[in-house]
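Colleague: take this sequence and fold it.
(one chain, ligands or ions: 1)
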Amino acid sequence: MNWNKEMLKGFIEKAVADQEFIVVSCREPYLHQYSNEGITYINPASGMASAIMPIMTACGGTWIAYGAGEADRDVVDEHDRIAVPPDDPKYTLRRIWLSKEEEEGFYYGYANEGLWPLSHIVYSRPTFREGDWQMYRLVNEKFCRAVIEELGGRPGFVFIQDYHFALLPRLIKNERPDVVVAQFWHIPWPNREAFRVCPHGDEILDGLLGNDVLGFHLRYHCLNFLETVNQNIESIVNYERFSVTCHGRESLVRAFPISIDFDSLSAIAASPEIEARSAAIRGDFRVRGKSLGVGIDRVDYTKGIIERFTAIDRFLEKFPDFCEKFVFMQMGPISRINIPKYREYNDAVYHVMLEINEKWRVKDWRPIIMQKVHLSLEEVVAHYRAADLCIVSSIHDGMNLVAKEFVASRVDEDGVLLLSQFTGASRELPEALLINPLAVDQFAEQIHRALEMPVEERRGRMRRMRGKIERNNVFRWAGHILEEMKKQR
Ligand code: F6P
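Modeller: The predicted structure is shown next:
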């Protein structure tokens, strides 16, 4: 049975009838900003947000998130709420304001200098500062107050997103044990050896065990979590039920591989506007007459952007016939730029790109075109459609939705996906050309293989991948989580 928007809507109407449905995340779905046209909004570059948006649009409810846009305060009501999507409201966004210190300590500090590198095994050391931890606790408490307020004494389901809120489930349960709480951890869960350096490990695990249901992308991450708990916390870990019992309450630990709204993306990709835009991208003088590769990522050291550029350089060394015949477009916004490691990475990506382009340039041809900009969904899809290949070379990634979006965009059943074996998506998509981003020669060979792949093979692989993502779509992901939540009622 294929889950779709309508089915999920019907399911929620029954399962959540007369109850509050609340989603909590750090990143909000709409960021309001000032522009020449007045106050406008953008959707942030976030796999998490793009997965939750179609669910909220289909099912309604309240989404509580940090109001990070510069014009966010100008558009909310006296309760800090705004109906969204702004052009066709379907649910409520409740914005939470953070002070500069809170943003520094909670978001940049503990979440992104501590938990992010702790969870991604990319050989970048996490930093844990006591001040950041205090802010992390404080902000989790702040969000807890907002959840309790939005529940308003009514029964409800609370669905928390990600590593920014490890303490929130326990805080909510302490106040409202009757409410069903679930959380999805959108990034990998590290093995217990990696986790043991976290000085607040026990509090984090205890917080997460406030959940009735705790979801990860992969069974492997669930096992890592169970092992970590087994090693650290007084509890009963049940490897058959995949659950942990702690303080007399059971938390189920489950794998729910996240996905995308396949039908909507395919429909956008098939529209005449996107076809025209994609033709225009192919017609750009820097691209015209050449094979085109694309990569779309936030500039983040887990994404393997430098490894990707290095592999392109190696590819040209190995296959010099492709000089002036292949061009690679790297796009996506800069990210978390207040963090020194991100600033350094951003500079390093730029310098590697310059060096490679300088080494190979001929007249107006450069092998790499880089645009560090935020793209609308339509622009993203048009680039996917224009490309001959797409490279996802993360060094470690919970799932990676770029891979799935590329597949959904290829309504023409063409194009080759090169996919890192260190992404969750590679478990579902073995038809992609799998790469180890650190094995530069093998990576370069795979770029060559993609460019030389016969059309029948390309289509066969793409068709199989499309079939899978069509079935395993984001509505199925949400449906399975909500089914588990409903059982806890
Ligand atoms: O999926 C992981 C994640 O950290 C999301 O929580 C987040 O929205 C996204 O990546 C982008 O990161 P950020 O919100 O910090 O820009």
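
Colleague: isn't Ile369 up against Arg286?
Modeller: Yes. Ile369 is within contact range of Arg286, at 5.8 Å (criterion: CB atoms under 8 Å). From N, CA and C alone the C-beta is placed, and that goes for glycine too.

Colleague: and the ligand, is stretch 66-81 touching that?
Modeller: No. For a cut-off given as CB under 6 Å from any ligand atom, stretch 66-81 has no contacts with the ligand; the smallest distance is 8.5 Å.

Colleague: which residues does that stretch contact?
Modeller: Contacts of stretch 66-81 from elsewhere in the structure, counted by CB atoms under 8 Å, 6 or more residues apart in numbering, are 26-28, 30-34, 39, 41, 62, 82, 86, 92-98, 103, 107.

Colleague: touching the helix or strand containing Glu358 from outside, list them.
Modeller: Of the helices and strands defined by DSSP states H and E, Glu358 is found in helix 340-360. Contacts of helix 340-360 with the rest of the structure, by CB under 8 Å, 6+ apart, involve 113, 124, 299-301, 305-306, 309-310, 312-313, 316, 323, 330, 334-337, 366-368, 370, 372.

Colleague: who are the contact partners of Ile339?
Modeller: Counting by CB under 8 Å, 6+ apart, Ile339 touches Tyr108, Asn112, Glu113.

Colleague: at 10 Å instead, please
Modeller: Shown here is Ile339, whose contacts under the criterion CB atoms under 10 Å, 6 or more residues apart in numbering are Tyr107, Tyr108, Gly109, Asn112, Glu113, Trp116, Thr127, Tyr345.

Colleague: ok, Asp202 next?
Modeller: By CB under 10 Å, 6+ apart, the residues touching Asp202 are Val229, Asn232, Ile233, Glu234.

Colleague: how close does the first one sit to Pro188?
Modeller: Read that as Val229. Distance, Val229 to Pro188, using CB to CB, to the nearest Å: 16 Å.

Colleague: go on, the second one?
Modeller: Between Asn232 and Pro188 the distance is 18 Å, computed by CB to CB.

Colleague: which one of those two has more residues nearby?
Modeller: Higher neighbour count among Asn232 and Pro188: Pro188, with 25 against 17, using other CB atoms under 10 Å.

Colleague: quickly note the distance from that one to Pro117.
Modeller: Pro188 sits 11 Å away from Pro117, taking CB to CB as the criterion.

Colleague: need the overlap of contacts for those two.
Modeller: With contacts taken as CB under 10 Å, 6+ apart, Pro188 and Pro117 have Ala194, Thr302 as neighbours in common.

Colleague: for Arg427, list the residues it contacts.
Modeller: Each residue near Arg427 by CB under 10 Å, 6+ apart is listed here: His217, Leu218, Arg219, Tyr220, Ala255, Pro257, Met399, Gln421.

Colleague: nearest to Leu292, of those residues?
Modeller: Distance from Leu292 was checked for each of these by CB to CB. The minimum falls on Gln421, at 23.9 Å.

Colleague: what's the closest non-adjacent residue to that closest one?
Modeller: Leaving out its chain neighbours, the residue that sits closest to Gln421 by CB to CB, 6 or more residues apart in numbering is Leu434, at 4.8 Å.

Colleague: tell me what the strand or helix carrying that neighbour is packed against?
Modeller: Using DSSP H and E, Leu434 sits within strand 433-435. Packing contacts for strand 433-435, counted by 3 or more CB pairs under 10 Å, 6 or more residues apart in numbering; DSSP states H and E, involve helix 305-318, strand 389-392, strand 416-420, helix 440-452.

Colleague: nearest to Met462, out of the ones you listed?
Modeller: Proximity to Met462 (CB to CB) singles out strand 416-420 among those, at 7.9 Å.

Colleague: residues contacting whichever residue of the stretch 351-489 of the chain sits closest to the ligand?
Modeller: Residue nearest to the ligand within the stretch 351-489 of the chain (CB to the nearest ligand atom): Gly398, separated by 6.7 Å. Applying CB under 10 Å, 6+ apart, one finds that Gly398 lies in contact with 47-48, 119-120, 162, 184-189, 216-218, 221, 257-258, 302, 423-425.

Colleague: for Gly47, same thing?
Modeller: Contact criterion CB under 10 Å, 6+ apart gives 27, 186-187, 258, 260, 298, 397-402, 404-405 as the residues in contact with Gly47.

Colleague: now Arg219: how far from Tyr239?
Modeller: The gap separating Arg219 from Tyr239 is 11 Å, by CB to CB.

Colleague: looking at the two, which has the bigger crowd around it?
Modeller: Between Arg219 and Tyr239, counting by other CB under 10 Å, Arg219 is the more crowded of the two (14 against 10).

Colleague: so which residue of the stretch 101-250 of the chain comes closest to the ligand?
Modeller: Of the stretch 101-250 of the chain, the residue with the smallest distance to the ligand, taken as CB to the nearest ligand atom, is His186 at 3.6 Å.

Colleague: now do the same for that residue: helix, strand or coil?
Modeller: When classified by DSSP: H, G, I helix; E, B strand; the rest coil, His186 comes out as coil.

Colleague: ok, back up a step: intersection of neighbour lists for Ile369 and Arg286?
Modeller: Jointly contacting Ile369 and Arg286 under the rule CB under 10 Å, 6+ apart are Leu292, Val327, Met329.

Colleague: who does the last one form a beta bridge with?
Modeller: The reference is to Met329. When bridges are called by DSSP bridges, Met329 pairs up with Val294, Ile369.

Colleague: quick check, Ala408 in contact with Phe262.
Modeller: Yes. Distance between Ala408 and Phe262: 4.8 Å, which falls inside the contact criterion (CB atoms under 10 Å).
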